[in-house]
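>>> Task: produce atomic coordinates for the following.
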Amino acid sequence: MALYDGIADRYDATRGGERRGEDFAEQLHHRLPVGEGPILEIGVGTGVVALALKRRGRPVLGLDVSAAMLGRAVGRLGPVVIQGDGCQLPVKRESVAHAVSVWVLQHIDPPHVLLSEVARVLRPGGRYLVCPTNRIPEDDPIEPILVELLRQIEQRDPTRRRREVGAAQISRWGQECGFTAEVATFTSREWRTTPEEQIQAIRDRAYPALVGLDDATFQAASGPAIEALRALGADPITRYAELDVVTLRRP
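This is a model prediction of the structure:
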């Protein structure tokens, strides 16, 4: 929670903002039955995905553990968000038509607790749509630099170790909690950035793994990454990401 509280003010600027919300909502919307609600977003963050679902006529509720992120979400969504833990949902049994989560399950350990809670609050036949984090192509020039940055941080502070969670794992966990599972792949998402923008994101500690690091550790880990980004030059770089959606259905 503290890690995301510390980056709420710049989270959207480094994650695609409302454009990213539109990209995800378009895919989620087509996989949800028409006219059913409410839709609960677990890990609503700054509200960009829920806002885009709302624009498509979906009644939405949002839940997040971070008060600072919710402060951004309420500005977009109004008083339909609540601070809470996805592993102890403050929601009545069988009161939610469907639920969604984007870039959340890698933070939940063990994930079965959250999935069992979702099964409890969904109505029979309800769907839980889950999007794991991006898959970046191997020829992306920026991704290896950021991965090495995180590896350097993990070496110095093992508590910040990043969990890699993919669609196959989420499907398996869902089936173990009584859901049926189906995986589909989004069309690759495209955006443009510059090495200098990535350097600034590092300096601003816009990634959760960088929040709260002491200055010596931060400098030791980030210095090589910044130099490697500078070596890429000043021109904009087009990046791509392949995205998955896991549809978990409650019987």
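>>> Burial check on the closest residue in space to Gln175 that isn't next to it in sequence, number of neighbours?
Once flanking residues are discounted, Gln175 sits nearest to Ala181: 5.4 Å by CB to CB, 6 or more residues apart in numbering. All C-beta spots, glycine's among them, are computed from the backbone N, C-alpha and C. Other residues within reach of Ala181, judged by other CB atoms under 10 Å, total 18.
>>> for Arg127, same thing?
Neighbour count of Arg127, defined by other CB under 10 Å: 23.
>>> hey, where'd the helices end up in the stretch 51-200 of the chain?
67-77, 111-121, 143-156, 167-176, 195-203 (DSSP state H, counting those that start in this stretch).
>>> residues in contact with whatever helix or strand comes next after the shortest one?
Tracing the chain past helix 195-203, the next element assigned as helix or strand by DSSP states H and E is helix 215-230. Applying CB atoms under 8 Å, 6 or more residues apart in numbering, the set of residues contacting helix 215-230 from outside is 142, 145-146, 148-149, 152-153, 156-157, 195-196, 198-199, 202-203, 205, 210, 213.
>>> Stretch 48-59 now?
Residues outside stretch 48-59 that contact it (CB under 8 Å, 6+ apart) are 12, 16-18, 20-22, 24-26, 28-29, 32, 37-39, 41, 44, 60, 62, 73, 76-77, 100, 102.
>>> Which among the contacts of helix 215-230 count as buried?
142, 145-146, 149, 152-153, 195, 198-199, 202, 205, 210, 213 (16 or more other CB atoms under 10 Å).
>>> Among the contacts of stretch 48-59, which ones are in helices?
12, 17-18, 20-22, 24-26, 28-29, 73, 76-77 (DSSP state H).
>>> would JSON lines of those with pLDDT, neighbour count and distance to Ile226 be doable?
Below are those laid out as JSON lines (pLDDT from 0 to 100; neighbours: other CB atoms under 10 Å; distance: CB to CB, whole Å):
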{"residue": "Asp12", "pLDDT": "72", "neighbour count": "18", "distance to Ile226": "23"}
{"residue": "Gly17", "pLDDT": "78", "neighbour count": "13", "distance to Ile226": "24"}
{"residue": "Glu18", "pLDDT": "79", "neighbour count": "17", "distance to Ile226": "28"}
{"residue": "Arg20", "pLDDT": "85", "neighbour count": "19", "distance to Ile226": "25"}
{"residue": "Gly21", "pLDDT": "88", "neighbour count": "24", "distance to Ile226": "29"}
{"residue": "Glu22", "pLDDT": "91", "neighbour count": "17", "distance to Ile226": "31"}
{"residue": "Phe24", "pLDDT": "90", "neighbour count": "23", "distance to Ile226": "30"}
{"residue": "Ala25", "pLDDT": "93", "neighbour count": "25", "distance to Ile226": "34"}
{"residue": "Glu26", "pLDDT": "92", "neighbour count": "14", "distance to Ile226": "35"}
{"residue": "Leu28", "pLDDT": "94", "neighbour count": "25", "distance to Ile226": "36"}
{"residue": "His29", "pLDDT": "94", "neighbour count": "18", "distance to Ile226": "39"}
{"residue": "Ala73", "pLDDT": "93", "neighbour count": "25", "distance to Ile226": "32"}
{"residue": "Arg76", "pLDDT": "93", "neighbour count": "18", "distance to Ile226": "33"}
{"residue": "Leu77", "pLDDT": "94", "neighbour count": "22", "distance to Ile226": "36"}
